[in-house]
Structures are given as C-alpha cells and as structure tokens.
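Enquirer: Predicted model and sequence below, questions to follow.
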Amino acid sequence: MSSATPSATILIAGDARSRHALALGAHYRTAPVEGREAIESAREIQADLIVASLPSPAVDAIALCAAIRRDPELRRLPVLLIAAEGRGPIDVLRALEAGADDCVDEAIDSDVFVARVTALLNRRANELSITTRHQELEARVAHLEAELHAVHKNAHQLEAIGRLAGGVAHNFNNLLTVVLVSSELLMNDLPEGSPEWIHARDTHDAAVRAAGLTNQLLAFSRRQMLRPESLSLNAILSDLETVLADTLGAGIELKVVPEEGLPPVYVDPSQMRRVVLDLAIQARDGMPHGGKVVIETRRVVLTEAYVADRVNVQPGVYVLMAISDTGPGMDVDTQLRLFEPFFTTKNATHGGSDLGLSTVYGIVKQSGGYIWVYSERGCGTTFKIYLPEASVTRVRPAAAAAAAQLPHGQASVLLVDDEAGVRSVASRVLEGCGYHVVTAGSGEEALARCLAGLEPDLVITDVVMPGINGDRLVARLRAQRADLRVLYTSGFSAEAVVHHGVTPGEHFLSKPFTPSDLAHKVREVLGGGESN
C-alpha cells in the first residue's frame, strides 16, 4: 500500500525493530529515540507523529503523552500507543486520558496499523491546513481593516480640511472685497496707463485671481452658492462634447456612451460642467503621448452590502457618470490623497495654484453625491460619480430587490476573480438562482481546472488580475472551445476594458453590481442554451 503523506516523519519511542516499526519504515521516514529524548527529538526533527509502546522498559508512554500535551509547541502533535497483548482496558483508558490520539493492540494486522497511522497523519495535515488558512484569513482581515481605517481617516481628514478651508475662504473673501473695490476706485481716479494706474490694475487682477481660488476652497468645503436644477447628465455631456474634444487634443480619443432614458439629477449645470472638464483635464495631463477617454452614464442601485464599508454613504438609486482613461494609473497612496487641496499628480514644473481635484470633490458632495476613484498602476483610472435621482425619493435597494424575482437557470458556471469577497457574494447569488458554481482565485487556477476536465457552460471572469488576466484566460480557453460563453466583470467601465484586451462586443458587467444585475446578465449571456 502507498501512503497519502509520504513526506511524513514518525518518531518511534521504544522498540524500533518491532514488526510495526518495520512496517512504518516501508511507507514513512522513521526515527528511533529513547523515551527521555522523545520530546526534544520531536521538536528538533519536527516530527509529524509519535509512536510508543505500552508498556516499554525504554519509555513511560503515558507520561510521555502527558508531557507532550503540556508542551506549548508540541501539544498538537498526534501520539499513537501500541498496547501489549494482555493489557486491560484500564491501561488503554489511562492512555487516552493522558492525551493519546489512538491506542491499538499489539496483535493488530500491520496493514491495518499503517492505515490507522495514515489516518492520523491525514488528520494532522488537515488541521495544519486549517490553521494556516485561519492565519491567512486573520492576516487578510487585519490588512482590510487597516485599509478601511486609512479610508475612514482620509475621509475624516477631508471633512476637517473642508471645514477649515470654508472658514478661511469666507474671511478671505471679506478682505478681497476691500482690495477689489479699493483698487477699482483707484483705477477710476487715476489716468489710464500711468504707473499708479498700472499698479492698481495689477492689484485688482491679483485679487480677482485670489477670489477664484477662494471659490475653489468654498467648493471643496461645500459652502459655495449652487444654483441646482433638474436636468439630464446626458444633456450636459452632449453640450460639452465639442469642448471636451478640443480640450483633450488630437492625440486623445474621446468616446461618450450615454445610457438612453437616463433619469434627471438635481445639480448646478455650470458646476457639473466644471467637474467633467476638470476630470477630463486630469486624464489628459496623465497621457502626454495620447490615449483614450471614455465617459459613460447609467442608472445604478447602491446596495446596503456595497455601502457597508463606505463612509456616510446611503444606499439607494443613483445616476452614475464614469470617466475613464488609459493613462498610467495611480498607486493607493496617491488615490488616498487625490482630493486633498493643492495635491497634484502633475510634475512640479507645471506650477500654478490650482486646488486640484478637491474642487471636484466638493461640488459632487455638495450636490448630494459621491465620488470614488478606481485605479491600478499600468491599467488606467476610472472616476465614478454617483448622483441621486432628482425625481425619485431614495428607496432601500433591499426592498426593491425583494420585490423582483431573480431569474433561475441550471447551467454550470466558472467564476474567476482575485478578490475573495467578490467570489463569495457572486457565487451565493448564482447558486441561489440554481446554477452550479465553481470558483477560482486566479487565471492560473481557472485554467488548471479546465485542463483537468471542467467544462463550464459560462465563464465569468474579472478583467484585471495578477498573472493571467481575463482576456488571456479566455483566449486560451476558447482555443479549446470556440463557442465558450464569457461574461467579463471589472471596476473599470465597459469601454475602458477594451484597453485591457477585451474584444468590443463581449458581454460585460460593471462593478459594483446588484444581485439582480448579475442574475439577469447571466441569463442574458446564456440565453436559451442553458444545460439541464
């Protein structure tokens, strides 16, 4: 027979020449030891199991068990005792009470004995695997908690900076009023073109520029005066399309993808135009050698589960505007500071006194919305702006979801995503809809499963993953099955993922998605060809 764990090391305390010890030697590494040396030897050679005889002149097996269970380093080490013929149940009971994992009669068949040893080793291997996984999960939770703490801290810092900026801007505007009025009166009293008039003009011009800066501070602090009205974001984008194309320049392709029938939002149109232009300029400056900017709009629902780790975000129905670029992307530290006043991703030689994207942040927040950035180094950037619908009182998406019956199916699905949380929630939704779901945490794992014989009816894969990403995985799978159905998912927009190798026209689902989004999209992709 062969061992399931051939690399195991068994410490034999007692008679190393017994038939059972010899039988173990044919399947495992064995190491004989005197009883008094058993504990130190087990620690030194990192034994996987101790076998001891009961009784034995060389070792007190029961005392050995008790000592191992008291040792903080070895207390989980399995121990198997071999009771000599004629030993009564009292001795066996004492051995088990002392901590032995198993106790067999010396007369036991050698093959059965080896099988009992293998069972103990497999149990130990499973326990170690569970312990390792638990430690990995604890480390992952600690990492996520640290990231969440950083996001919360950043949000609170922005709020504090905003309050300070608003107070400074308010007081500074009072002073600027004096400067502007006084300089203009001087200009009226002085001969135009005289040295004094030029000094007054320069003072007036500087005050005007300073006033513009304080308006940006007020926008960041959400204390500027807005003139909101009910309007469509699509109309704003339509009006700006020519201006945007000119602003981006000939080297950058612009694509606007509006969703038809988009509900209105309640915003200041001039300020929302500024938001779009500022984000477009941010994208342009990050792509000096050309690229692509995609602006999309659609109606979305933010669920309670999605907003759980977002600061002060309410679930409900929103209009999303996503602005994506194919630039170099940003690291996490840059993303955390991106909306701070005066923080810039531009080279220092650009100079200027611009407040950066803090103004965008303030306008969106004052409009009752939220703005988040999704970016990875080398993979571009997407800004997502969520604005509440103007004509609809916010509804709790849980109630809306409960009212709608999710479509069911019976197909097999391979779900590939490097984020464990996404795999968990998506698989639960799909299994609840009747699908058989197999998950994979990487393109490599997904490919290995398919090479091992898995033949899913549908592959749902994230686009950007370490190692084999979504488009490469699909290309290799379709080399074997050209008709394989595929659904791509990503935090990037539908148009932006084309930059990452996804062929235009492929089925795509943007994150975050609701259970209804996922279930209906899977049903759409599978169509009438589901397996029964």
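Expert: Received, thanks.

Enquirer: Share the number of residues neighbouring residue 105, please.
Expert: Neighbour count of residue 105, defined by other C-beta atoms under 10 Å: 13. (Glycine included, C-beta is placed from N, CA and C.)

Enquirer: Now it, what are its backbone angles?
Expert: With angles defined as degrees, to the nearest 10, residue 105 sits at phi -80, psi 140.

Enquirer: cool, and residue 100?
Expert: Note on residue 100: its backbone torsions stand at phi -60, psi 140 [degrees, to the nearest 10].

Enquirer: Share the number of residues neighbouring it, please.
Expert: Using other C-beta under 10 Å, residue 100 has 25 neighbouring residues.

Enquirer: got it, and residue 430?
Expert: 24.

Enquirer: And it, which helix or strand is it part of?
Expert: Under the criterion of DSSP states H and E, residue 430 resides in helix 420-432.

Enquirer: Toward the C-terminus, what is the element adjacent to the helix or strand where residue 240 lies?
Expert: Per DSSP H and E, residue 240 falls inside helix 233-248. Elements were assigned by DSSP H and E; along the chain past helix 233-248, the next helix or strand is strand 252-257.

Enquirer: That next one to helix 233-248, inter-axis angle?
Expert: Between the axes of strand 252-257 and helix 233-248, defined by axes from the mean of the first three to the mean of the last three C-alpha atoms, to 10 degrees, the angle is 180 degrees.

Enquirer: Okay, now the sheet partners of strand 252-257, with direction.
Expert: Applying DSSP bridges, strand 252-257 is found paired with strand 291-302 (parallel).

Enquirer: before we move on, the earlier item: elements contacting the helix holding residue 240?
Expert: Helix 233-248 is packed against strand 252-257, helix 269-285, strand 291-302, with contacts defined by 3 or more C-beta pairs under 8 Å, 6 or more residues apart in numbering; DSSP states H and E.

Enquirer: Those: lowest mean pLDDT?
Expert: When those are ranked by mean pLDDT, helix 269-285 comes last with a mean of 87.

Enquirer: now that helix, how far from the chain's geometric center?
Expert: Distance, stretch centre to chain centre, for helix 269-285: 27 Å (C-alpha atoms, centre = their mean, to the nearest Å).

Enquirer: Pull out the buried positions in it.
Expert: Neighbour-count burial for helix 269-285, counted by 16 or more other C-beta atoms under 10 Å, picks out 271, 272, 273, 274, 275, 276, 278, 279, 280, 282, 283, 284.

Enquirer: Contact partners for the third one?
Expert: With C-beta atoms under 8 Å, 6 or more residues apart in numbering as the criterion, the residues that contact residue 273 are 236, 239, 240.

Enquirer: Distance-wise, check the closest residue to the second one other than its chain neighbours relative to residue 295.
Expert: Leaving out its chain neighbours, the residue that sits closest to residue 239 by C-beta to C-beta, 6 or more residues apart in numbering is residue 273, at 7.5 Å. Taking C-beta to C-beta, to the nearest Å as the measure, residue 273 falls 12 Å from residue 295.

Enquirer: Not counting its neighbours along the chain, what's nearest the residue most central in space within the chain?
Expert: Note on the chain: the residue nearest the mean C-alpha position is residue 419, at 5.4 Å, using C-alpha atoms, centre = their mean. Using C-beta to C-beta, 6+ apart and skipping residues adjacent in sequence, the residue nearest residue 419 is residue 462, 7.5 Å away.

Enquirer: Residue 449 contacts residue 440, correct?
Expert: Yes: if you go by C-beta atoms under 8 Å, residue 449 and residue 440 touch, sitting 6.0 Å apart.

Enquirer: Which residues are in contact with each of these two?
Expert: Shared contacts of residue 449 and residue 440, defined by C-beta under 8 Å, 6+ apart, comprise residue 414.

Enquirer: Where does pLDDT dip in the stretch 101-250 of the chain?
Expert: Under the criterion pLDDT under 70, the flagged ranges of the stretch 101-250 of the chain are 144-178, 180-181, 211-227.

Enquirer: Look up how far residue 206 lies from the residue of the chain most remote from its centre.
Expert: Centroid-distance maximum for the chain: residue 191 at 65.4 Å, with C-alpha atoms, centre = their mean. Separation of residue 191 from residue 206 (C-beta to C-beta) stands at 21 Å.
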